Every structure is written in structure tokens, then in C-alpha cells.
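Asker: Sequence and predicted structure are below.
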Protein chains: 2
Amino acid sequence: MDHPLTAALDTGLSGDDVQAAATWLADHAVRTPVVRSASLDAIAGTRLWLKAENLQTSGSYKFRGALRAVSRIAHEGRGTGVIAQSTGNHALAVAVAATRYGLSATLVLPADAAPTKIAKVEEAGGEVVLAGTTVDERLEVVEQLRAATGHPVVDAYDHPDVIAGQGSAAWELVEQAARRGTRLDAIVIPVGGGGGVAGTCLAVEGQDIAVYGVEPVGCDSLRRSLADRQRVAVPPAPTIADGLRPSLVGRLPFDIARTRLAGALTVDDEAIAQALCLTLFHTRLLVEPSAAAGLAGALQLAAGTSMENVGVVLTGGNVEPAVLARLVADYVPPAGGDNGGRLRDKG
Amino acid sequence: MDHPLTAALDTGLSGDDVQAAATWLADHAVRTPVVRSASLDAIAGTRLWLKAENLQTSGSYKFRGALRAVSRIAHEGRGTGVIAQSTGNHALAVAVAATRYGLSATLVLPADAAPTKIAKVEEAGGEVVLAGTTVDERLEVVEQLRAATGHPVVDAYDHPDVIAGQGSAAWELVEQAARRGTRLDAIVIPVGGGGGVAGTCLAVEGQDIAVYGVEPVGCDSLRRSLADRQRVAVPPAPTIADGLRPSLVGRLPFDIARTRLAGALTVDDEAIAQALCLTLFHTRLLVEPSAAAGLAGALQLAAGTSMENVGVVLTGGNVEPAVLARLVADYVPPAGGDNGGRLRDKG
């Protein structure tokens, strides 16, 4: 390990935990493909390696961390049920994971959650509790449920198994690119509570791969926390990336990412919408706005650097039909060939 | 081989040709994933194994046959360029394949081809000639170009390399399901000129796997040809599945499929649109209407049989943004759980 002081000592987590999670998940989750698109590369001006976690069980990479955490709870006999809160993907992932191990799952969703999200969680076997619109309101209900039932809580990001599980997506991405003869210069991943970006930092431990987090404008708790060297809460601004709205990056994720992250990028809704449609029509993958934020960040990064190979974790694909219809109707394809020359210059 | 009289003797093509194509393409095309969805299975009432050829190079399985044919032309020194006609995917596939081997490609597209399809072929390095709106009009121009240049023609379906190449998608699908411990009961694939369905029949030679072709209402040349025991031309009716409008199934494909096909299914535009949106929101894959016709056929098949495992070749994902916006805006998700019981009864 290159950074002994920042690896295992501070947080108790290291790249070994991600590798262990990846090895275990190889037999328990979908090994999602890494998708390439020559036409998207031409637009980006760099080679993009897209880890299609929208094809993961439950439709997002959250399944990795949820399954890892729930399986341990089941194997260690720590409860007959689990509790979790999220705006959607983590709740769905925990519901699916709990069903697989015969545990009950109680999921606390925002009172204004989309009906199709609620339906998906219920179809997966989860019990839905609607409560409040902020993380704090939901966490209060989670604590009440925990006190009443004794069931363990699977936090959406401030949880070592969740961080290691989420990191396994980047771990696979690095390995899949290497099998095709490519060392990635960077990996870009969207940031909500920070579990994924922290896991990605651990996944590339000891390798010369820069990790970038991406946040929507006005939801940049990680960026401000890095600048202030302490966690800074940001009252979330409206964004179409509804999975990236936690007001405060998690404690454990921040402790892991603060010394390892290459940078935190910020993208607006217009860039996110464009990235979603570019992904849809150039790779034929449906991603949700929160996942498209990662590609939007990668495009921003590629425009300002000479990086040749950039990995992006397409974190999920759970999007409301009405939202997608609007974004696609408004889509204006980029003028052809703008950046094709740049890509060719890079070789 | 179980059917010696119908295999190699009549057409000169057998399962061995598909296997040889599949082995060669393993190193030259994308090994696309087979995608599963528990929620889509519940709607279908059977287990669906979806071969995601929308993730193939050029966005459709047509690349398999095109690359196989073009590589042979290149290696055998049969020309410095190639000629092809199609409504879109085959033309794009040939353009990409020709560029890979340093050959020129002249592609004859319909005069009313969508601008984005023309742009994609040109971006891939192909020269586009717009001519007529029917296959016969385009074939006349193809013949003129061939006479003028001497370049060989890569027919979209009446070509042994194209049929064997297209069949490699089904060959991989069978193999990928087998690796996950499953023998498919059937494979369903949409039918335009019949190259894919013929290749699929060859791919499953000697195995107890039923092959079904799917045609849009009013574009059912294969179905009528099977009934009449000879090829019957059908003036194509309007359909959103623009890749499935050839008026006459190919000679070689018909000779292969006539004795081997389990049946030809017919689907209407409403069923195709619904299948496209079901694929999009349940598997997070963007498929074009012509590919969605395959799933629509599989849903029809599953509703009327007790088949437990049905493979579908999702043949491509090249769809116009305006078309997709309209289909998604009109999408009405099915009422939940209708067929869940059926699936559980079977499994």
C-alpha cells in the first residue's frame, strides 16, 4: 500500500476490504459489462470506459453494498429483519437483498417519493414507511423503528460493508479495462452521501488512478467539505439527480476520501440531461439522472485534461418514464465531429 | 446432427458454419451480455433471457454478419470496396466493418431515411447513396454500382456469411444460458429478410430448442411463405419496426427456415411499443422498435405455452430520439403482479 497512514489506520477500511467484497460479489451479483462507444469517445475527446451498473440487480450499484451488508447480518444472525432509509436505490437494493436471505426489510422513503419507486420496493418484498422529505427526518423514523424492533440498520453510505461493496464496481472496472490492455487514468463517480466515491478511492489504492467525485450544483457537500477540511452541510438545491441530494457527506466516506480524492466536480441539470441522452443514444443504456451526472463530470474533466482513458461508474438506471420522456423530447444531439480531431490527436 | 437431410444438403449451410462464425467473432465483435429481469419475468410469466445485441458494435447484431462477410472479402482480396443496401442497421454495420479492413463502403439507403441514420453511416466512414423507397429500387442501384465499380455486394440477408454471422448471436445466447445452468426452450427473433432467423435455426441445429420468427402485422412475408410453401411477397404495411419491412423473405433464409422454424408470430405496433418500453424500464436497455418486436413475440408466446425459459435476441438499439420520446410519453406501465403467480407456479 502506498499510503499506509491514510489506508487502514484512520478508518479501519482498506483496498483489501474492497477486494474481498469484489471477490465475494463475483458469485452473488451481476458482473456488469464495461461498455465502449466510438461515437461517444469522439464527443468526449477521450476514451470512456463505462461500467454499466444500471444492469446490476435492482437497477443500481447500491445492490453491491446492500447485499454485502445484509448477507453478513444474515450469516451472523444479527436479526430477522433490516431497516434502511434512502430516496430510492438503496432502499430497493436492501429490499431485494433482504428477500434473498429471508429477512424482512423496512424501508423509510421520503413522503414525496415517486409512486413507481414505492411500487418497486414493495414488489421486491420490502415494507415501505413514508416519512418527511429530509434525511434527518427519515433517520429519526429509522431510529424509532430500530428501537421498537431491534433490527439492524443498513446505512446508505456511512457503513463499512456498504462502502466496500460499492467500491467493488470500480474494482471490477479497473480489472475489466486491464483485461483489454488499458490502464485507466481516472475514474469518475457521482456523489450523494459519498459511499461510492469512498469505495472507489479504496478500490484503486496503490494504483496511479485519479478518482473524481461529481455533485450537482447546489448539492456540493463533498466539495465544500474538502475545501473546509471538515464536513459541511449544504441544504440541497433542486436537481434532476434526485439520488445525489443528501445534505451532508457521510463521516466514514469523508474520512476515506479527504486525502485520496483527486477532485470534486460540479455539474448542472443541463449537463446532466445531456449526458443522460448521450448515454442513451450512443451506448443504448438507460441511466438515471444521478448516474448521468458521472458522465457529465467525465466530459467536463476530459475537456480540461489530456487524460486518455477515463472510467465512469454508471451507477444506476431507475428513472421515471415521465422524466425520461421530457428529457428525450428536449434532447438536441451535439453537432457531429466537434471533438473527433482531438481524440485522434491523442492517438 | 439430428436432421441430416435438412442441414447441409439443401443450402450448403449448417450449424458448423454458425459455430465457425461464432468462434471467429469471439475475437472480433462484442460478446454482448445476456440480461435477466425478475420484474419482466413476472410480467411475461416465464423466464426471459435477453441477448443484448443493442450493445453490439454499430448498435445491432447486423455487425456480426457484416464483419464476417467483409473480412472474407478483404482477406481474399476480392475488392477495395464493398456495396450494400438496407434501411439502416446493415448499412451502418457494413460501413463500420469496411472501415476496419481499410475498404471503402457504398451504402444505398432509402430516399426517406432518417437524417440521423444517414449521419451515423457517414460518420462511420461510409458513402451514402439515397435511392427509392423499396428494396427493389435500391437493389437496382446496387447493381448499377456493382457494374460500375466491380466491388462485391454484401447482401443484407441472402448471403451465407451474413446468415452464419447473424446466427452467432443465438449461438452465444444458448451457450451463455447453459453456463448459468439453463437450457432454453425457445429462441425468439424478429424477421426482416430472414437472415437472423435462418442463422438462429442453424445455431440450434441438433438441439431441442424451438425457434420462432416475429413479423409486424402486414409485413408477414415469412408467415405467408411458410403457409404457401413458397416465397410470397407482401407489400409492406406501415409499422414502427422500420427494419422489418422487406417485402420478401430472402431465398436462402427461406430455404433454411422453412423446415426448421417452430412458427412465425405476428405483432402489432401497440405490442411493439409496449415491449420497447418494458425493455427500457425493466432491463435499462434501449432497443429499437424492430428489436422490441422480438420481445413482443416472446410475450405472446409465453402467454400461450408452458415454456419456462425463452431466449430473445434484442437485435439492435438504433432509434430516433423523436420516436423514442413519443413512445415513452405514451407508455402505460402494466398493472403490477398480474402474471407473478403464473411464474411462481412454473418455478
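Answerer: Now that the structure is in, tell me what you want to look at. Because the structure is predicted, anything quoted here is derived from the model rather than measured.
Asker: Does the residue of the stretch 51-200 of chain A found nearest chain B belong to a helix, a strand or coil?
Answerer: Residue nearest to chain B within the stretch 51-200 of chain A (CB to the nearest CB): A:Asn54, separated by 4.2 Å. Using the backbone N, CA and C atoms, a C-beta is placed for each residue, glycine as well. Reducing the assignment to helix, strand or coil with DSSP: H, G, I helix; E, B strand; the rest coil, the entry for A:Asn54 is helix.
Asker: Can you name the residues of chain A that neighbour chain B?
Answerer: Where proximity means CB under 8 Å from any CB of the partner chain, the interface of chain A facing chain B comprises A:32-33, A:35, A:39, A:42, A:54-55, A:59, A:116, A:119-120, A:123, A:277, A:280-281, A:283-287, A:317, A:319, A:321, A:324-325, A:328-329, A:331, A:333, A:336-337.
Asker: Among those, which are located in helices?
Answerer: For the residues of chain A next to chain B, membership in helices holds for A:39, A:42, A:116, A:119-120, A:123, A:277, A:280-281, A:283, A:321, A:324-325, A:328-329, with DSSP state H as the criterion.
Asker: are any of the residues you listed buried, and which?
Answerer: With burial judged by 16 or more other CB atoms under 10 Å in any protein chain shown, the buried subset of those is A:39, A:42, A:116, A:120, A:123, A:277, A:280-281, A:283, A:321, A:324-325, A:328.
Asker: Rebuild the residues you listed as TSV, extending it with pLDDT.
Answerer: Listed next are those as TSV, based on pLDDT from 0 to 100:
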residue	pLDDT
A:Ser39	94
A:Ala42	95
A:Thr116	84
A:Lys120	93
A:Glu123	92
A:Cys277	98
A:Leu280	98
A:Phe281	97
A:Thr283	98
A:Pro321	95
A:Leu324	98
A:Ala325	97
A:Val328	98
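Asker: Can you add distance to B:Gly77 and give the residues you listed back as TSV?
Answerer: Output for those, formatted as TSV (distance: CB to CB, whole Å):
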residue	distance to B:Gly77
A:Ser39	30
A:Ala42	31
A:Thr116	57
A:Lys120	56
A:Glu123	58
A:Cys277	43
A:Leu280	41
A:Phe281	37
A:Thr283	35
A:Pro321	52
A:Leu324	48
A:Ala325	51
A:Val328	45
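Asker: Report the backbone C-alpha coordinates of stretch A:84-94 in CSV.
Answerer: Output of stretch A:84-94 as CSV, limited to C-alpha atoms (Å, rounded to 0.1, in the frame of the first residue of the first chain):
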residue,chain,number,x,y,z
ALA,A,84,-32.8,1.3,5.8
GLN,A,85,-33.7,4.7,4.5
SER,A,86,-33.0,6.3,1.1
THR,A,87,-34.5,8.3,-1.7
GLY,A,88,-34.8,5.1,-3.7
ASN,A,89,-32.0,3.0,-5.0
HIS,A,90,-30.5,1.9,-1.6
ALA,A,91,-34.0,1.1,-0.3
LEU,A,92,-34.7,-1.0,-3.3
ALA,A,93,-31.3,-2.7,-3.1
VAL,A,94,-31.8,-3.6,0.6
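Asker: for that stretch, what is the average pLDDT?
Answerer: In this model, stretch A:84-94 has an average pLDDT of 94.
Asker: Any regions of chain A where pLDDT drops low?
Answerer: Residues of chain A that meet the criterion pLDDT under 70 lie in A:1-10, A:336-347.
Asker: again, 90 this time
Answerer: The model of chain A has pLDDT under 90 over residues A:1-12, A:77-79, A:87-88, A:112-117, A:132-136, A:236, A:245-247, A:304-306, A:335-347.
Asker: out of all of them, which helix in it is the longest?
Answerer: Of all the elements of type helix in chain A, the one with the most residues (DSSP H) is helix A:160-179.
Asker: Can you point out the buried residues in that helix?
Answerer: When neighbours are counted by 16+ other CB under 10 Å, the buried residues of helix A:160-179 are found to be A:160-174, A:176-177.
Asker: Run the chain-centre distance for whichever helix or strand comes after it.
Answerer: Using DSSP states H and E, the helix or strand that directly follows helix A:160-179 along the chain is strand A:186-190. Its chain's C-alpha centre lies 9 Å from the corresponding centre of strand A:186-190 when counted by CA atoms, centre = their mean, to the nearest Å.
Asker: what comes up buried for strand A:186-190?
Answerer: Buried positions in strand A:186-190, judged by neighbour count with 16+ other CB under 10 Å: A:Ala186, A:Ile187, A:Val188, A:Ile189, A:Pro190.
Asker: Is it correct that the last one is in contact with A:Leu244?
Answerer: Read that as A:Pro190. Yes - under the contact definition of CB atoms under 8 Å, A:Pro190 touches A:Leu244, with a separation of 5.7 Å.
Asker: Need the overlap of contacts for those two.
Answerer: Among the neighbours of A:Pro190, those also in contact with A:Leu244 (CB atoms under 8 Å, 6 or more residues apart in numbering or on different chains) are A:Glu215, A:Ser290, A:Ala293.
Asker: from these, which ones fall inside strands?
Answerer: Restricting the shared contacts of A:Pro190 and A:Leu244 to those inside strands, with DSSP state E as the criterion, leaves A:Glu215.
Asker: quick one: which of the shared contacts of A:Pro190 and A:Leu244 is most hemmed in?
Answerer: When neighbours are counted by other CB atoms under 10 Å in any protein chain shown, A:Ala293 leads the shared contacts of A:Pro190 and A:Leu244 with 36 neighbours.
Asker: what's near enough to touch that one?
Answerer: A:Ala293 is in contact with A:Pro190, A:Val214, A:Glu215, A:Pro216, A:Ala241, A:Leu244, A:Val267, A:Ile272, A:Ala275, counting by CB under 8 Å, 6+ apart.
Asker: let's go with 10 Å and repeat that
Answerer: With contact taken as CB atoms under 10 Å, 6 or more residues apart in numbering or on different chains, A:Ala293 is in contact with A:188-192, A:213-216, A:219, A:239-241, A:243-244, A:265-269, A:271-272, A:275-276, A:287, A:315.
Asker: Can you flag the buried ones in these?
Answerer: Of all the contacts of A:Ala293 considered here, the ones buried according to neighbour count by 16+ other CB under 10 Å are A:188-192, A:213-216, A:219, A:239-241, A:243-244, A:265-267, A:269, A:271-272, A:275-276, A:287, A:315.
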